[in-house]
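Enquirer: what would the 3D arrangement of this be:
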Amino acid sequence: MANDFLVSKWKMWFSWFDHNKDGKVCREDLETSRNRFANLHHFEAERKKAAMATYTLWWGEYLMWGKSEITEAEFIENQNKAFEDSKEEFVERMNKNQDIVCNLLDTDGDGLITEEDLLIMFQSTEHDETVGKRWFNAHDPVDGKVPVKKMADMWTQLLTEEDSSKPDALVKQFQTGL
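Expert: The predicted model follows:
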């Protein structure tokens, strides 16, 4: 069973997607976020279709656990069960999760995420630009970019690390507010 610290981080992550703060995330939230993400990037038709498909598959697998609607309690229960079944497999699951998201953010495929790329993701999940800039800077960008691997590793740490004594820049961002 995950400790209270890790469970608190899963709750923070869930809150990222619970835009209306009703304690659940549903397919409507996906549709809104996914469409906003693709439209804000001004993708051409084929690229938009591919990005939306990736976004949908990621959302369904890693956030919704295959359901059309999920409550925070169900989300935590699913996370905890997977963690309890095999911590190693859970960490691998979260690595894949973050690789998908960060590669989706890396719109030009150069292995780097720009502030603009991250701000679009923030806007697509109904978070404002000021917050997005603060989060981008938490990833210690160099020349206005963050390596995909670094961002993915930071998010994987957020979602898998039980040791509250280890510094975690993303926990600090959640504690500061979205």
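
Enquirer: for the rest of this, base every contact and every neighbour count on C-alpha atoms.
Expert: Will do.

Enquirer: and for the helix or strand of the chain with the lowest mean pLDDT, what's in contact with it?
Expert: Least confident helix or strand, the chain: helix 27-41 with a mean of 87, by mean pLDDT, DSSP states H and E. Here helix 27-41 makes contact (Cα atoms under 8 Å, 6 or more residues apart in numbering) with 17-19, 48, 51-52, 55-56, 59, 68-69, 120-121, 123-126.

Enquirer: again, only this time at 6 Å
Expert: 48, 52, 68, 124-125 (Cα atoms under 6 Å, 6 or more residues apart in numbering).

Enquirer: can you check stretch 73-91 too?
Expert: Under Cα under 6 Å, 6+ apart, the answer for stretch 73-91 is residue 1.

Enquirer: where does this structure have low pLDDT?
Expert: 178 (pLDDT under 70).

Enquirer: okay, strands next: where are they in it?
Expert: 24-26, 69-71, 112-114, 145-147 (DSSP state E).

Enquirer: want to try CSV for these, with mean neighbour count and distance to residue 33 as columns?
Expert: Shown next, in CSV, are the strands of the chain (neighbours: other Cα atoms under 10 Å; distance: least, Cα to Cα, whole Å):
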stretch, mean neighbour count, distance to residue 33
strand 24-26, 21, 11
strand 69-71, 17, 15
strand 112-114, 23, 19
strand 145-147, 20, 23
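
Enquirer: mind checking which of those strands is nearest residue 10?
Expert: strand 69-71 (12.5 Å; Cα to Cα).

Enquirer: and that closest one, what does it pack onto?
Expert: Using 3 or more Cα pairs under 6 Å, 6 or more residues apart in numbering; DSSP states H and E as the contact test, the elements touching strand 69-71 are strand 24-26.

Enquirer: hang on, the earlier thing: thinking in terms of the whole chain, how far from its middle is the least confident helix or strand of the chain?
Expert: With Cα atoms, centre = their mean, to the nearest Å as the basis, helix 27-41 stands 14 Å off its chain's centre.
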